[in-house]
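Student: Turn this into a model:
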Amino acid sequence: MNDKKQRRKPVMHYLVKDTEFEKILKFLQQINGIHKNDIPRLRRFIEAICYVCRSGCQWRLLPTYYGDWRAVHKRFKEWCNRGIWKKLFESQQIDPDMEWVMIDSTIVRAHACAAGYGKDTQEQEALGRSKGGFTTKIHALVDALGNPIKFLLTPGQRHDITQAKELTTSVVDISILGDKAYDVDHFIATLQAKECIPPRKNRKKPRSYDEYLYRERHAVECFFGKIKHFRRIFSRYDKIARSYLSFLYFAGALIWLR
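Tutor: Below is the predicted model:
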C-alpha cells in the first residue's frame, strides 16, 4: 500500500449563484468585443472578481483555481476602461421602486497603497484627508427599497452637498429624502421634485417636512451596511478611482440580483 497522501486538487467555491450568473451572462452576450464563447472560463472570471471584491485580497493572492492573477487583473482593467461594470450595474436596475428616493454619503478609509498613482492626482482619484484620515467619500442615490441607482466619488473631506445636484438631476415629481447636510437653499431651489429634508437648527425660519416619511431614510443607511460587507469597498486599496468605482458597480449589481 502506498502510504503517501494524495494531494487533493483545490475546488472552486462559487460565490455567484447560478441564477445570478445567468442574468449576468444574458447581459454580457449583448456586449461586443469580449470573450464570451467559453462560458465556464467567463464564469471563472466573474467568480474571481467576486472573490477579490468580497475578500479584499491582493490580486497576486488570488487562488490559482481562478486562473493567472495577471490575466484576471488585465481583463478587469479592460472592462473598467470600457465601462462594462457600470453598464452591468445599470442593466440590473429592473423595476426600481421610485415612490421616493434617498441621497446620502459614507466615508471609507483608503489604504496607504491607494496613494502614489501620480503627482498631484489625489483630487482627481477621489482621495483626500478628513477627520478619519486618508479617505474617499461615496455619494449614493437609492430607491425606496434601498437599492442603488447612482454612485459618485469624491475625496473624503468634500461636503455632501457638492454632489447633491448631480445625483438628483434625473429625479422629477417624487420625494427626495436627505439629512440636514442637504438643507441648503440653492440646492432646494433647483429641485424638480418634492423634498423631505429636515431644517438645520440655525435656520431663522425652519421649513416643515414630513417626519413620518423621513423615518424611511434608514434604508439608505442599510444599503451602506450591505456594500461594506464587501472588503474591497469597505477599505479602498485601488489607486485609480475608476477601478474602485468598478468594484462598487459590481457590488451594486449583486445587490440588485439578490
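
Student: which secondary structure elements does whichever strand or helix holds Arg242 contact?
Tutor: Applying DSSP states H and E as the criterion places Arg242 in helix 241-257. Here helix 241-257 touches helix 18-28, helix 39-55, helix 69-82, helix 84-91, strand 133-142, strand 148-155, helix 218-227, helix 231-234, going by 3 or more CB pairs under 8 Å, 6 or more residues apart in numbering; DSSP states H and E. All C-beta spots, glycine's among them, are computed from the backbone N, C-alpha and C.

Student: Please save the CA atoms from the first one in CSV.
Tutor: Taking Å, rounded to 0.1, in the frame of the first residue of the first chain, the C-alpha atoms of helix 18-28 are listed here in CSV:
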residue,chain,number,x,y,z
ASP,A,18,-26.4,30.1,-10.9
THR,A,19,-29.5,32.3,-11.2
GLU,A,20,-27.4,35.4,-10.7
PHE,A,21,-24.8,34.3,-13.3
GLU,A,22,-27.5,33.6,-15.9
LYS,A,23,-28.6,37.2,-15.7
ILE,A,24,-25.0,38.5,-15.9
LEU,A,25,-24.4,36.2,-18.9
LYS,A,26,-27.5,37.5,-20.6
PHE,A,27,-26.2,41.0,-20.3
LEU,A,28,-22.6,40.1,-21.4
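
Student: quick check: angle from it to helix 69-82?
Tutor: Between helix 18-28 and helix 69-82, the angle comes out at 60 degrees (axes from the mean of the first three to the mean of the last three CA atoms, to 10 degrees).

Student: buried sites along helix 18-28?
Tutor: Residues of helix 18-28 classed as buried: Glu20, Phe21, Lys23, Ile24, Leu28 (neighbour count, 16 or more other CB atoms under 10 Å).

Student: Tell me who's in contact with the first one.
Tutor: The one in question is Glu20. Glu20 is in contact with Leu254, Leu257, Arg258, counting by CB atoms under 8 Å, 6 or more residues apart in numbering.

Student: confidence score at it?
Tutor: In this prediction, Glu20 carries a pLDDT score of 95.

Student: same check, this time on the last one
Tutor: Each residue has a pLDDT score; the one for Leu28 is 96.

Student: what about the residue lying closest to Cys53 once chain neighbours are set aside, distance to Ser208?
Tutor: In space, and not counting its chain neighbours, Cys53 is closest to Arg232: 4.6 Å by CB to CB, 6 or more residues apart in numbering. As judged by CB to CB, to the nearest Å, Arg232 and Ser208 stand 42 Å apart.
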